[in-house]
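Enquirer: Model the following, please.
(2 chains)
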Amino acid sequence: KAGVTQTPRYLIKTRGQQVTLSCSPISGHRSVSWYQQTPGQGLQFLFEYFSETQRNKGNFPGRFSGRQFSNSRSEMNVSTLELGDSALYLCASSSRGYRTDTQYFGPGTRLTVL
Amino acid sequence: AQKVTQAQTEISVVEKEDVTLDCVYETRDTTYYLFWYKQPPSGELVFLIRRNSFDEQNEISGRYSWNFQKSTSSFNFTITASQVVDSAVYFCALSDPQGGSEKLVFGKGTKLTVNP
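Expert: As a prediction, the model looks like this:
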């Protein structure tokens, strides 16, 4: 079974631009979560989607948004990029997003904001 | 609030040494799940193990073993006879159920370097 895939793997943007990251979950998984990893803050939860609905959201500004499609693929968008948005963005999928499920992570998208 | 503490920021050992990575957690939930993930330089978080709060039986998987103790809120991870390929950042995580699903709360990670 193929794992979680994320595209693109690397991105360089400038302040003020917007960016869209994509995540394809493991086949059959319906829950997708996004995490931001920075050296200072570590791994922080962004949001979680299940059946095209956002069920859970972390403490991030409204510039961070996401969506999920009917095939469970998910995208996250960051508008008006700031230098502090430079990070590794990790996507994780699980069967249903319940506590009995394990989250499996993709390789991440490394975003650099100049 | 859920919290995970990994006090060891970096550990350096020589190949074949045993190494233990510490994890201490805080939660008010009576039912919860604990996880260990490994992050090699490539960046992907690799799932290692999941334990639930009502199963304190220790587990061994090859060179890996885990010691879960509710009395001390600890979930420690030991690598026996370490190898260079074990070099990575290891994260301990705790489940945090909200809004009908759950997120993971991670510790800051422990960077393990195994030298030949």
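Enquirer: Quick one: name the residues of chain B near chain A.
Expert: Proximity of chain B to chain A, by CB under 8 Å from any CB of the partner chain, involves residues B:31-33, B:35, B:37, B:42-47, B:50, B:91, B:95, B:97-109. C-betas here are computed from N, CA, C, even on glycine.
Enquirer: repeat that for 10 Å
Expert: Counting by CB under 10 Å from any CB of the partner chain, the residues of chain B close to chain A are B:4, B:6, B:29, B:31-33, B:35, B:37, B:39, B:42-47, B:49-50, B:52, B:91, B:93, B:95-109.
Enquirer: Averaging pLDDT per element, find the lowest-scoring helix or strand in chain A.
Expert: strand A:53-57 (a mean of 90; mean pLDDT, DSSP states H and E).
Enquirer: and it, which strands flank it?
Expert: strand A:42-50 (antiparallel) (DSSP bridges).
Enquirer: ok, then the element right after the least confident helix or strand of chain A?
Expert: strand A:64-68 (DSSP states H and E).
Enquirer: what about that following strand, near chain B?
Expert: No: Strand A:64-68 is not in contact with chain B by CB under 10 Å from any CB; minimum separation 12.4 Å.
Enquirer: got the angle between that strand and strand A:42-50?
Expert: Between strand A:64-68 and strand A:42-50, the angle comes out at 40 degrees (axes from the mean of the first three to the mean of the last three CA atoms, to 10 degrees).
Enquirer: I'd like the distance from strand A:64-68 to the chain centre, please.
Expert: 8 Å (CA atoms, centre = their mean, to the nearest Å).
Enquirer: helices or strands next to that strand in the packing?
Expert: Using 3 or more CB pairs under 10 Å, 6 or more residues apart in numbering or on different chains; DSSP states H and E, the elements in contact with strand A:64-68 are strand A:19-24, strand A:31-38, strand A:42-50, strand A:53-57, strand A:74-78.
Enquirer: Please pull out the lowest mean pLDDT helix or strand from chain B.
Expert: strand B:59-61 (a mean of 82).
Enquirer: quick one: low-confidence ranges for the chain?
Expert: Looking at chain A here, since you left the chain open. A:1, A:99 (pLDDT under 70).
Enquirer: Switch to chain B, please.
Expert: B:98-101.
Enquirer: Show me what the longest strand along it pairs with in its sheet, parallel or antiparallel.
Expert: Determined from DSSP state E, the single longest strand within chain B is strand B:88-98. Applying DSSP bridges to the sheet, strand B:88-98 is found paired with strand B:33-39 (antiparallel), strand B:101-106 (antiparallel), strand B:110-115 (antiparallel).
Enquirer: and the angle for that strand with strand A:31-38?
Expert: Using the same axes, to 10 degrees: strand B:88-98 against strand A:31-38 is 130 degrees.
Enquirer: How about strand B:88-98, which residues are buried there?
Expert: B:Ala88, B:Val89, B:Tyr90, B:Phe91, B:Cys92, B:Ala93, B:Leu94, B:Ser95, B:Asp96, B:Pro97 (16 or more other CB atoms under 10 Å in any protein chain shown).
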